[in-house]
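Participant: requesting a structural model of the entry that follows:
(chains A and B)
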Amino acid sequence: MAKEISLGVSVSDSNGNFHSNTVAGTYSVDKTGAFAIQYPGQNSRYIVYGEIVSDGTELRSVFIDTTSGFGPYRSCAIKKQS
Amino acid sequence: MSNASGKKCVAYMTVLFALIGATTGASAGCVGGSSIKGSFGVTVNGPAVGGATAQVYTGILKADGKCGLKGSLTGGTFGQPSVTQAVTATYSVPNNEQGTVSIQLPGTNSPVVFDIGLISDGKFGEVTGIATNGPALATIDFVEIAKHAYGLADLSGTYVATCTGAGNDGSGGLGAELVYFTFDGEGNITGGFGL
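Facilitator: Next comes the predicted model:
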């Protein structure tokens, strides 16, 4: 079963897949800099865990599917664009 | 010296050595501990234990400056439920900003040892490394977290994410992607722009 876990647009994908779905979700941030994002997917609700690091313009995170228990997907290095 | 004054002397010496230990923070066998100190956002990208699928973790670990790391990590292996678990780890920096981190990842039975290099921009420390007692594909990344009481407003604007791990096809095979998304600073996040 295909799993769609992109938040936003995946413009480059090593499996040859391209995504144009638009999603909306919510996020929370605790005072330590840890954050969590939740958003709906095709078959599940997804959660992303991460941290705000450095001067605040960089994030580190992992994409995780919690609803179906299908396990973590990938880790991400994230930088602020604007 | 009388017996009573001898006992008093031993007691003073015991307190003195305890105070010296507390002041220096020295841990037996710790080398270069002060090179890594503070709270760090940590990601581990596997496979660290073996296999051909994704194994990823993230969380905050605090380095005590005495070769100890403590915190919690969330993650696991693709296809299995993720776990969040308290983690303690050790590190050593014996040689010119190079060293090792030994960490037992949540849900695993033995520690993974990473060779690490230390980086600093003068404000924030960073540690990057690769596993040495497992597939060298596994990497670890620490980036220092600023001392600040964070809130929703600290995430605002558009961000670009480069992600590696399991691919989009659901098979568990390795893949990578580039993603854009926007935080509004008030708890909402959207994506879907650019195409």
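
Participant: quick one: which helix or strand includes the closest residue to B:Gly59 other than its chain neighbours?
Facilitator: The shortest distance from B:Gly59 to any residue other than its chain neighbours is 3.8 Å, reached at B:Leu73 (CB to CB, 6 or more residues apart in numbering or on different chains). C-betas here are computed from N, CA, C, even on glycine. Assigned by DSSP states H and E, B:Leu73 belongs to strand B:68-77.

Participant: at which residues are the strands of chain A located?
Facilitator: Secondary structure of chain A (DSSP state E): strands at A:9-13, A:24-29, A:34-40, A:45-53, A:58-65, A:71-80.

Participant: which of those sits closest to B:Gly117?
Facilitator: Of all those, strand A:71-80 sits nearest to B:Gly117, with 16.3 Å by CB to CB.

Participant: so that closest one, near chain B or not?
Facilitator: Yes. With CB under 8 Å from any CB of the partner chain as the criterion, chain B is reached by strand A:71-80 at A:71-80.

Participant: poorly predicted segments of the chain, please.
Facilitator: With no chain named, the answer covers chain A. A:1-21, A:42, A:65-66, A:68-69, A:71, A:82 (pLDDT under 70).

Participant: nope, chain B
Facilitator: Ranges of chain B meeting pLDDT under 70: B:1-26, B:48-51, B:134-136, B:168-169, B:192-195.

Participant: just give me the residue right at the centre of it.
Facilitator: The geometric centre of chain B, computed from its C-alpha atoms, lies nearest to B:Val42 (CA atoms, centre = their mean), at 4.1 Å.

Participant: these two touch, right, that one and B:Ile60?
Facilitator: Yes. B:Val42 sits in contact with B:Ile60 when judged by CB atoms under 8 Å, with a separation of 7.0 Å.

Participant: overlap of the contact sets of the two?
Facilitator: A:51, B:71 (CB atoms under 8 Å, 6 or more residues apart in numbering or on different chains).

Participant: show me what counts as buried in the lengthiest strand in chain B.
Facilitator: If you go by DSSP E, chain B has its longest strand at strand B:83-95. Residues B:83, B:85, B:87, B:89-93 are the ones in strand B:83-95 that count as buried (16 or more other CB atoms under 10 Å in any protein chain shown).

Participant: contacting residues around the residue nearest to the centre of chain B?
Facilitator: B:Val42 touches A:51, A:60, B:57-61, B:71, B:73, B:140-142, counting by CB under 8 Å, 6+ apart.

Participant: show me which of those residues are buried.
Facilitator: By neighbour count, with 16+ other CB under 10 Å, those hold A:51, A:60, B:57-61, B:71, B:73, B:140-142 as buried.

Participant: so can I have TSV of the residues you listed showing distance to B:Leu155?
Facilitator: Listed next are the buried ones among the contacts of B:Val42 as TSV, based on distance: CB to CB, whole Å:
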residue	distance to B:Leu155
A:Glu51	11
A:Arg60	13
B:Tyr57	21
B:Thr58	16
B:Gly59	18
B:Ile60	16
B:Leu61	21
B:Gly71	21
B:Leu73	21
B:Ile140	24
B:Asp141	20
B:Phe142	20
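
Participant: circling back: how about the strands of chain A in a markdown table, adding distance to B:Gly29?
Facilitator: Shown next, in a markdown table, are the strands of chain A (distance: least, CB to CB, whole Å):
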| stretch | distance to B:Gly29 |
| --- | --- |
| strand A:9-13 | 45 |
| strand A:24-29 | 38 |
| strand A:34-40 | 31 |
| strand A:45-53 | 29 |
| strand A:58-65 | 30 |
| strand A:71-80 | 31 |
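
Participant: what residues are up against the residue nearest to B:Gly59?
Facilitator: B:42, B:44, B:57-59, B:61, B:84-85, B:87, B:105-106 are the contacts of B:Leu73 under CB under 8 Å, 6+ apart.

Participant: buried residues, stretch B:100-118. List them.
Facilitator: B:101-103, B:105-108, B:112-114, B:116, B:118.

Participant: for those residues, which one is nearest B:Lys147?
Facilitator: B:Lys147 has its nearest neighbour among the buried residues of stretch B:100-118 in B:Leu118, at 19.4 Å by CB to CB.
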